[in-house]
Every structure is written in structure tokens, then in C-alpha cells.
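A.B. asks: here's my sequence, what's the structure:
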Amino acid sequence: MRLNAVLALSVLAFASPAWAQQQRGQALEQFMQLDADGNGSVSRAEAERGRAAMFARLDANRDGALSEAERASGGRSAQALSRADSNGDGTISRAEAMAAPYRMFDRLDGNDDNTVSEAELNAVRAQLGGG
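C.D. replies: Just a heads-up that it's a prediction; the model follows:
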């Protein structure tokens, strides 16, 4: 039994980086779906519209706030808003969601021009090994 646990942990240790890389790659492809005008890049305005749409999708009861249950059912999408509860009331209002930092966008926007270009995306893809 102990050997099986050790083997399972060993497999997880080696699989985790590949799994994490796959997850980052999927997140990147989901991010690219925000390119509403199809020009191959994502502007900050497109990212903001995407966040507003995500908030609306997660707000199941349409009360203008995300409860813990709504966030839990939102999966990875809701994780991006996990620290947005700035007033600590246990819910995330639309205003809090929209004011939260755009961490992924800011990481991808290497030249800080408020647009994630195709070149910037390709650079990240190459770092992830998918390039």
C-alpha cells in the first residue's frame, strides 16, 4: 500500500508540469477568443468586454453579485476573480469584478501598449512549448 502511494506521488510529480503547461495553453487559447474584431490581437477593451460577459454568465440569479456558490460553479473562469472581493463581504459585485487587475492580460502585454499582439502571444506559446 505504501509503495502504491509513493508511485502515485511520483507519477503526479512528473505529470504536474506537463498538466500545468497544458492548462496554461488552454487558458491562452480561451484568452484569444476575446479577439472580437478578428484582427489577431486582444485589446484591453476586448478583455474588459470579455470579463463583463463572464460575470454575466456566472451571475446565475442575476442579482449583480457573484456568491461563493456561483464562483464555485464557474470553475477556472471564476478563479480570475478570486481576489476581487475588495470590501470583504463574501460576494463580488460587478463593479468589483470590473475593477480587479487583469493579471493575464498584463502578463501577456509585454510592451504595455494595452494590446496583446499576435507576436506577444506567439512568444508565450513558444515559452509553453507550443510555438
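
A.B. asks: next, the contact list for the spatially most central residue of the chain, please.
C.D. replies: Nearest to the mean C-alpha position of the chain, counting by C-alpha atoms, centre = their mean, stands Ala80 at 5.1 Å. Counting by C-beta atoms under 8 Å, 6 or more residues apart in numbering, Ala80 touches 51, 54, 100, 103-104. (Glycine included, C-beta is placed from N, CA and C.)

A.B. asks: tell me which of those residues is nearest to Ala60?
C.D. replies: Met54 (12.7 Å; C-beta to C-beta).

A.B. asks: need the helix or strand of the chain with the lowest average pLDDT.
C.D. replies: Within the chain, no helix or strand scores below helix 2-32, which has a mean of 52 by mean pLDDT, DSSP states H and E.

A.B. asks: just for the chain, where's the confidence low?
C.D. replies: Scanning the chain for pLDDT under 70 picks out the ranges 1-25, 27, 77, 130-131.

A.B. asks: strands of that one, start to end?
C.D. replies: Secondary structure of the chain by DSSP state E: the strands cover 42-43, 65-66, 92-93, 115-116.

A.B. asks: excluding chain neighbours, give the residue nearest to Arg49 in space.
C.D. replies: Nearest non-adjacent residue to Arg49, counting by C-beta to C-beta, 6 or more residues apart in numbering: Ala36, 6.7 Å away.
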